[in-house]
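# Generate a structure from the sequence data that follows.
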Amino acid sequence: IEEARAQQSSSEPLKTGATTGNEASELITLRKELEKAKEESRAANEALVASKKLTDKISHSSFEVGDVGLFMPTGRGQGGRTYLAVHTNCPHRYLSTDSVKGEPDFVLGRIIYQEELVAGEVGSDANPYGLHVGTKFWVLTVEQLNLSKSP
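Below is the predicted model of the structure:
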């Protein structure tokens, strides 16, 4: 692209009727190459943005669908283990029981769904985590990531 720009800027301005067939053909070719390079750059930028959306970096300050979360067991909750997202200033992100098999020491997974709820009366089904009445909390469903190492 830079080479094409240098050639274009170094050449004398084209005057109407003063161009040869070769110059006009070269100018058309350079413009096509420039448009192709712009399109390739745009496509590469979109691919980069898309790849960042599905990164394997663990989120801790925000939790959106597509993010990866690390969940650790807590001593709170009704029946069985309750898993809470490791976070910074994003409290009350709990792992859906549908996302846990057995009683692992931790769960690492990509968020595929999240539901925002408000805690009801303590001890009721509307407050399974023992939160203060009226506290917002989120139940996150994840697709567990494979932790096995490649050979």
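# For the protein, just list every one of the strands.
Listed in chain order, the strands of the chain (DSSP state E) span residues 68-74, 82-85, 93-95, 107-118, 136-144.
# Generate TSV for the ones you listed, with distance to Thr29 and mean neighbour count as supplementary columns.
In short, each C-beta sits where N, CA and C put it, glycine included. Putting these into TSV (distance: least, C-beta to C-beta, whole Å; neighbours: other C-beta atoms under 10 Å) gives the following:
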stretch	distance to Thr29	mean neighbour count
strand 68-74	46	18
strand 82-85	55	22
strand 93-95	56	22
strand 107-118	46	16
strand 136-144	48	17
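# now the ones you listed as CSV including mean pLDDT and distance to Leu27?
Putting the strands of the chain into CSV (pLDDT from 0 to 100; distance: least, C-beta to C-beta, whole Å) gives the following:
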stretch, mean pLDDT, distance to Leu27
strand 68-74, 92, 50
strand 82-85, 92, 58
strand 93-95, 93, 58
strand 107-118, 94, 49
strand 136-144, 94, 52
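# In JSON lines: the ones you listed, plus distance to Ser61.
Rendered in JSON lines, the data for the strands of the chain read as follows (distance: least, C-beta to C-beta, whole Å):
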{"stretch": "strand 68-74", "distance to Ser61": "11"}
{"stretch": "strand 82-85", "distance to Ser61": "11"}
{"stretch": "strand 93-95", "distance to Ser61": "11"}
{"stretch": "strand 107-118", "distance to Ser61": "14"}
{"stretch": "strand 136-144", "distance to Ser61": "14"}
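# what comes up buried for the longest helix belonging to the chain?
Once the chain is assigned using DSSP state H, the helix that runs over the most residues is helix 21-53. Using 16 or more other C-beta atoms under 10 Å as the test for burial, helix 21-53 gives Glu26, Leu27, Leu30.
# Now do it: which elements does it pack against?
Based on contacts counted as 3 or more C-beta pairs under 8 Å, 6 or more residues apart in numbering; DSSP states H and E, the elements that helix 21-53 packs against are helix 2-10.
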